[in-house]
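A.B. asks: Predicted model, plus sequence, below.
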Amino acid sequence: MLPAKKMSKTRTRTRRSHHRLKAVNYSVCPKCSQAKLPHAACENCGYVNPNLTLDLAKEES
């Protein structure tokens, strides 16, 4: 069965407005100023909070 009337571009695009990609929320590491995910350890220096820093093993090739 075919649609009774043509759907306008505005109506179609309004329906698809939720199909967009979500932007990733980055924060800045206070120790090394690299971008990191909030509430996670920094991948560059391992900083989590003032009382805790993770030791990161660097891969050698």
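C.D. replies: Received the coordinates, thanks. In this text the structure is predicted, and so the values were computed from the model without any measurement.
A.B. asks: Quick check: phi and psi on Leu2?
C.D. replies: With angles defined as degrees, to the nearest 10, Leu2 sits at phi -90, psi 160.
A.B. asks: just Lys36 next, same as before
C.D. replies: According to degrees, to the nearest 10, Lys36 has phi -150, psi 160.
A.B. asks: Make 3 the starting number, not 1.
C.D. replies: With 3 as the first residue, the last one maps to Lys38.
A.B. asks: Adjacent strands (with direction) for the one helix or strand in the chain whose mean pLDDT sits lowest?
C.D. replies: Within the chain, no helix or strand scores below strand 54-55, which has a mean of 76 by mean pLDDT, DSSP states H and E. Its sheet considered, strand 54-55 pairs with strand 49-51 (antiparallel) by DSSP bridges.
A.B. asks: where does this protein have low pLDDT?
C.D. replies: Regions of the chain meeting the criterion pLDDT under 70 cover residues 60-62.
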